[in-house]
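Visitor: got a predicted structure here, sequence first:
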Amino acid sequence: MSKSVIIIPTYNEIGNIDITLKKIIELEEKFDVIVVDDNSPDGTGDFVKEAIKKKKYKLNISLIERKNKDGLGTAYIAGFKKSIEMRYDFIFQLDCDGSHNPEQLIELHKELKFSNCDIVVGSRYIKGITVINWPLPRLLLSIFANYYVKIVTGLKINDSTGGFNGYNSKALKSIMKNHIYFKGYAFQIQLKFIGSTLGYRLKEIPIIFKDREIGESKMSLQIPGEAFFGIIYMKFISFFTKFKG
């Protein structure tokens, strides 16, 4: 068992999960994996279950099967709880759609282990714009959203909405003691906001983000709306909330 784990939420990622796991195997650092599958109609969860049974990969893989599709945030919370129960030192988030390069997990791991930070953020906007193949409207929406979050929350990072992040166990345990109510991508912002409010140190490192090539995006119109209005609400109630550490 490794001291580091990667949480991978899946929904209809049958075309990507095998590719992702094979890339993780090739890394110089050893990571365990927790897959959280929301009863994918395309059989992603069944594929992972069979791979575990037949020991297809030289990886320690755990599978959390959920009955329904209930949002990215709740999927990660299930994975976080499992990782805390299993006493991992370092916990990482990774999208299964190919947008995050597993090789850059090495850099995130080194920052958490050796530098003076508790939360490491894989940033698309710290060294210019390192996003590949996104349509211009979606890129502009992302840039605006991160600028908006920075102004409203006071977070001193350029990419608060991204999902390629790492946490040490102490920071994650503290964050998880608080009420995390977002289910969509605003969940990523809330984690960083709570962590920063509790005094944990955040550090951004540049990553290359590439739009998915296989499968369909899970983005919907509800997601930007949740973030836009939800972030104002989150900031407002923070003035009356004593966060648990």
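Guide: In hand now; what should we look at?

Visitor: could I get the full set of helices for the protein?
Guide: Shown for the chain, the helices assigned by DSSP state H span residues 17-25, 44-54, 72-85, 105-114, 136-153, 169-176, 186-197, 222-238.

Visitor: please name the residues that touch Asn60.
Guide: 1-2, 32-33 (C-beta atoms under 8 Å, 6 or more residues apart in numbering). (Glycine included, C-beta is placed from N, CA and C.)

Visitor: which of those are buried?
Guide: When the contacts of Asn60 are checked for burial by 16 or more other C-beta atoms under 10 Å, the buried set is 32-33.

Visitor: which of the contacts of Asn60 sits closest to Ile25?
Guide: Nearest to Ile25 among those is Val33, at 9.7 Å by C-beta to C-beta.

Visitor: which ones are touching that closest one?
Guide: Contacts of Val33 by C-beta under 8 Å, 6+ apart are 5-8, 21, 24, 59-62.

Visitor: and the closest residue to Lys183 other than its chain neighbours, how many neighbours?
Guide: Closest residue to Lys183 apart from its sequence neighbours, by C-beta to C-beta, 6 or more residues apart in numbering: Gly71 at 3.0 Å. Neighbour count of Gly71, defined by other C-beta atoms under 10 Å: 20.

Visitor: packing partners for the helix or strand of the chain with the lowest mean pLDDT?
Guide: Of all the helices and strands that make up the chain, helix 222-238 has the lowest average by mean pLDDT, DSSP states H and E, namely a mean of 81. Counting contacts by 3 or more C-beta pairs under 8 Å, 6 or more residues apart in numbering; DSSP states H and E, helix 222-238 is packed against helix 136-153, helix 186-197.

Visitor: could those be laid out in CSV, adding mean neighbour count and mean pLDDT?
Guide: Below are those laid out as CSV (neighbours: other C-beta atoms under 10 Å; pLDDT from 0 to 100):
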stretch, mean neighbour count, mean pLDDT
helix 136-153, 16, 93
helix 186-197, 23, 96
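
Visitor: Asn165 is nearest to which of those helices?
Guide: Of the helices and strands packed on helix 222-238, the one closest to Asn165 (C-beta to C-beta) turns out to be helix 186-197, at 7.3 Å.

Visitor: may I have the closest one as CSV, with CA atoms only?
Guide: Output in CSV follows, covering the C-alpha atoms of helix 186-197 (Å, rounded to 0.1, in the frame of the first residue of the first chain):
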residue,chain,number,x,y,z
ALA,A,186,-18.0,25.0,-7.3
PHE,A,187,-17.1,22.2,-4.9
GLN,A,188,-13.5,22.7,-6.0
ILE,A,189,-13.7,26.3,-5.0
GLN,A,190,-15.3,25.6,-1.6
LEU,A,191,-12.5,23.1,-0.6
LYS,A,192,-9.8,25.6,-1.3
PHE,A,193,-11.7,28.4,0.4
ILE,A,194,-12.3,26.4,3.6
GLY,A,195,-8.6,25.3,3.5
SER,A,196,-7.4,28.8,3.1
THR,A,197,-9.7,30.1,5.8
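
Visitor: quick one, that helix and helix 169-176 angle?
Guide: In terms of direction (axes from the mean of the first three to the mean of the last three C-alpha atoms, to 10 degrees), helix 186-197 departs from helix 169-176 by 110 degrees.

Visitor: mind checking how far helix 186-197 is from the chain centre?
Guide: From the chain centre to the centre of helix 186-197 is a distance of 12 Å (C-alpha atoms, centre = their mean, to the nearest Å).

Visitor: again with stretch 93-106
Guide: Put simply, stretch 93-106 sits 9 Å off its chain's centre (C-alpha atoms, centre = their mean).
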